[in-house]
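Engineer: Dropping the sequence and predicted coords here.
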Amino acid sequence: MTMNLRNIKVNSKLVVLGLATAVLYSCGDPKKETEVTTDDLPDPDTAKTAVLNVGGELFSVPSPIQTAMLIQKAGVAYEKAILNPANRMGNYSSDYHKALNLGIYGADLGYVSMYNQTQDAIGYLASVKQLADKLGVSAAFDQQTMERINKNISNKDSMLVLVGIAYRASDSYLKTNKRTEVSSLILTGGWLESMHFSINAYAKKQSDDIKFRIADQKQALGSIIKLLNSHNMPEATELGKELEELAKIYEGITSKYTFVEPTTDEAKKVTYINSTTEVTISKEQLEQIAAKVKAIREKIVNAQS
C-alpha cells in the first residue's frame, strides 16, 4: 500500500517538545507562575521528530507525545491495558533496565496525560520519579517544578508543556554529566513504547496516518541502533541485535520523497511543508514489525533484574 504525507504545518514559535521519554521535571524554568499556559503546546501536525546532538552527531527520533496526539486525533480510544503497569517499576534493579523502562514510563505518562487521565497520570508520575531517583537523574530537578507538575496534573495542556520542559532538562543533565549511555537507553525505551502505541492503535483502527507512522521509522530505527552502538554497553548487545533484526524488516519497505517548495504565511508565522513522501508497506511487513516490537518490549517490561 502507498501512502502520502503532505502539507505538514510547522509553527515557527513551537519547539518539538519531544520524547516524553523524559522524567517530568525541570531544573530552573524561568517562568514563575504555577499555572502553565498553552502557548507552547505542540500542534499534532508539527514536525514529528526531535533532533539530538550526541558526540557531535545528530540523531532524529520521533516523539512519543506526537505519536499519542496522532493516535488520539485518529479517534482511537484510551486504553490503559496497553501500558506498562506503573507498579512494576520495583522489578527493575539494574541501571540498564531502569533507563529503558524510564523511557517507557515517560512515554506512558505522556500518553495518559494526552487523554487527560488524571488518576493514571499520578501513578505514572510516581513511578517515573522513583526510577529517576534511582538513576541519579533527579539531582537536576528543583522543587518548584515538582510543585507545578502536581498542581497541573489534571490539566492536559499544561502537563504536555511540562513533559517537554522536563525532557530538555533531564537530557541536558545526563549529557552534561557524561551519562549519554543512560540518555540513549531512555530514548530507546520511549521510541519502543511509541511504536507499541502505534501498532496497538492500528489494530483498533485502520488509519493511514497511523500506518504511515509505523512504516516511516527506518531512519529513526537506524539512528537508535547507531546511538546504542556508539557506547560501550555490554548489556545492550542483545537489544542491539534485536533492533538490527527489526531493521532488516524495514529494509523491505520502500519510500519515495518528492520535494516541493514550502510556503510561509508571514502574518501567522506558519510554514507549510508541501513535499510528499510515499511509503509502500505490505500487510505481512506490518505483522512482522508488530511481532518484533512486541517481543523486544516484553523482554524489557517483564525484566526481573
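Structural biologist: Happy to help now that I have it. Numbers count the residues shown, from 1 in each chain.
Engineer: When you work out contacts or count neighbours from here on, use the C-alpha atoms and nothing else.
Structural biologist: Will do.
Engineer: and Gly189, what is it in contact with?
Structural biologist: 21, 99-104 (CA atoms under 8 Å, 6 or more residues apart in numbering).
Engineer: same thing but 7 Å
Structural biologist: Contacts for Gly189 (CA atoms under 7 Å, 6 or more residues apart in numbering) come out as 100-101, 103-104.
Engineer: ok, now how distant is it from Lys134?
Structural biologist: 17 Å (CA to CA, to the nearest Å).
Engineer: what's the pLDDT at the spatially closest residue to Asn155 that is not a sequence neighbour?
Structural biologist: Counting by CA to CA, 6 or more residues apart in numbering, Asn155 lies nearest to Asn116, which is 7.1 Å off, once chain neighbours are set aside. In this model, Asn116 is scored at 87, pLDDT.
Engineer: Just give me the neighbour total for Asn116.
Structural biologist: Asn116 sits with 18 neighbouring residues when counted by other CA atoms under 10 Å.
Engineer: do Gln206 as well
Structural biologist: Neighbours of Gln206 using other CA under 10 Å come to 11.
Engineer: Pretty sure Val128 sits in a strand.
Structural biologist: No: under the criterion used here (DSSP: H, G, I helix; E, B strand; the rest coil), Val128 is helix, not part of a strand.
Engineer: Check whether it really touches Tyr105, as I assumed.
Structural biologist: Yes: using CA atoms under 7 Å, Val128 is in contact with Tyr105, at 6.2 Å.
Engineer: which stretches of the protein aren't confidently modelled?
Structural biologist: For the chain, the stretches flagged by pLDDT under 70 are 1-63, 138-146, 149-150, 156-178, 305.
Engineer: Just the strands from it, written as ranges.
Structural biologist: 2-5, 8-11, 49-54, 57-62, 254-258, 263-265, 270-273, 276-280 (DSSP state E).
Engineer: List the strands paired with the fifth one, with their directions.
Structural biologist: Read that as strand 254-258. Partners of strand 254-258 in the sheet, by DSSP bridges, are strand 276-280 (antiparallel).
Engineer: CA atoms only for the partner strand, dumped as CSV, please.
Structural biologist: Provided in CSV are the C-alpha atoms of strand 276-280 (Å, rounded to 0.1, in the frame of the first residue of the first chain):
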residue,chain,number,x,y,z
THR,A,276,5.4,14.5,-0.1
THR,A,277,6.7,11.1,1.0
GLU,A,278,5.3,7.9,-0.4
VAL,A,279,5.8,4.7,1.6
THR,A,280,4.9,1.2,0.4
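Engineer: could we number from 55 for the rest of this?
Structural biologist: Fine by me, first position is 55 from now on; the one you just mentioned is strand 330-334.
Engineer: Could you find the closest non-adjacent residue to Phe313?
Structural biologist: Closest to Phe313 by CA to CA, 6+ apart is Ser329, at 4.6 Å.
Engineer: Next one: that neighbour from Thr308, what distance?
Structural biologist: Ser329 is 17 Å from Thr308, by CA to CA.
Engineer: just Arg351 next, same as before
Structural biologist: 25 Å.
Engineer: Could you work out the end-to-end span of stretch 312-328 for me?
Structural biologist: 9 Å.
Engineer: Same check on stretch 322-331?
Structural biologist: Stretch 322-331 has its terminal residues 26 Å apart, counting by CA to CA.
Engineer: doesn't Ile264 make contact with Tyr256?
Structural biologist: Yes: taking contacts as CA under 7 Å, Tyr256 lies within contact range of Ile264: 6.2 Å.
Engineer: quick one: contacts for Asp162?
Structural biologist: Leu137 are the contacts of Asp162 under CA under 7 Å, 6+ apart.
Engineer: From Met249, how far off is it?
Structural biologist: Distance of Asp162 to Met249, computed by CA to CA: 12 Å.
Engineer: repeat for Leu275
Structural biologist: Distance from Leu275 to Met249, by CA to CA: 11 Å.
Engineer: Enumerate every residue touching His285.
Structural biologist: With CA under 7 Å, 6+ apart, His285 has these contacts: Glu235.
Engineer: hang on, I meant Leu281
Structural biologist: Counting by CA under 7 Å, 6+ apart, Leu281 touches Ser238.
Engineer: that older thread, closest to Ala357 among the contacts of Gly243?
Structural biologist: Nearest to Ala357 among the contacts of Gly243 is Asn155, at 9.6 Å by CA to CA.
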